[in-house]
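K.L.:
The following comprises the amino acid sequence and a computationally predicted model.
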Amino acid sequence: MNNDSNNQLRFTGDSGPDPADRMIESALDQIGQADRLSAPSTLESRVLASTQALLAKSGVADDARVITRVRSFSWSLRIAAAIAVMACGGAAWLAVRPAVPTVQSSPAMAALEEDIDAIITTASFADASVADELDKLDADTLNFGQTSASQEWLDVIEETSL
């Protein structure tokens, strides 16, 4: 299909409109022009007046019709209701859940916690001499680890243990 200069669509290979059709088209355009020019200038107002008179006789009220776009608020209300339900559910969940999350410990951790609690209890209830002895024992253990790392007799123990 091609678009010629007169903005008329033509099929490929079509030589154009039939000359007889062109003559009919021209004659119809001339008749339309003559009808428009022959109508009196008051024709529109007379048609309006006679139409209103006929409508008044038939009992049809002359209501001014206003075309408006009616929107449904149902989706807005549904969204607002969903947000309200989510907010109430979230508030209820926050109110019910414990303030501090519970941590489940393994049996090894529980035993270690008990040992540490026992040491702390022992240290707090013991008199000053026992606490001093525990501190001294701890310091000796640390010193032994630091001094034994530089001694060669550890190498001898390692060679004989193989």
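P.N.:
Perfect, thanks for sending it. Residues are numbered from 1 along each chain as shown.
K.L.:
got a list of contacts for the longest helix along the chain?
P.N.:
Counting by DSSP state H, the longest helix found in the chain is helix 74-96. Judged by Cβ atoms under 8 Å, 6 or more residues apart in numbering, helix 74-96 makes no contacts with residues elsewhere in the structure. For the C-beta atoms, the positions are set from N, CA and C on the backbone; glycine is no exception.
K.L.:
ranges for the strands of this protein?
P.N.:
Secondary structure of the chain by DSSP state E: the strands cover 2-3, 9-10.
K.L.:
returning to what we had before: CA atoms only: put the longest helix of the chain into PDB for me.
P.N.:
The C-alpha trace of helix 74-96 is given here as PDB (Å, rounded to 0.1, in the frame of the first residue of the first chain):
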ATOM      1  CA  SER A  74     -13.600   0.200  46.800                       C
ATOM      2  CA  TRP A  75     -10.000  -0.400  45.900                       C
ATOM      3  CA  SER A  76      -8.900   2.600  48.100                       C
ATOM      4  CA  LEU A  77     -10.900   1.200  51.000                       C
ATOM      5  CA  ARG A  78      -9.600  -2.300  50.500                       C
ATOM      6  CA  ILE A  79      -6.000  -1.000  50.500                       C
ATOM      7  CA  ALA A  80      -6.700   1.100  53.700                       C
ATOM      8  CA  ALA A  81      -8.300  -1.900  55.400                       C
ATOM      9  CA  ALA A  82      -5.300  -4.100  54.500                       C
ATOM     10  CA  ILE A  83      -2.900  -1.600  55.900                       C
ATOM     11  CA  ALA A  84      -5.000  -1.300  59.100                       C
ATOM     12  CA  VAL A  85      -5.100  -5.100  59.500                       C
ATOM     13  CA  MET A  86      -1.300  -5.400  59.000                       C
ATOM     14  CA  ALA A  87      -0.700  -2.600  61.600                       C
ATOM     15  CA  CYS A  88      -2.900  -4.300  64.200                       C
ATOM     16  CA  GLY A  89      -1.400  -7.700  63.600                       C
ATOM     17  CA  GLY A  90       2.100  -6.200  63.900                       C
ATOM     18  CA  ALA A  91       1.200  -4.400  67.100                       C
ATOM     19  CA  ALA A  92      -0.300  -7.600  68.600                       C
ATOM     20  CA  TRP A  93       2.800  -9.600  67.600                       C
ATOM     21  CA  LEU A  94       5.100  -7.000  69.200                       C
ATOM     22  CA  ALA A  95       3.000  -7.100  72.400                       C
ATOM     23  CA  VAL A  96       3.100 -10.900  72.700                       C
END
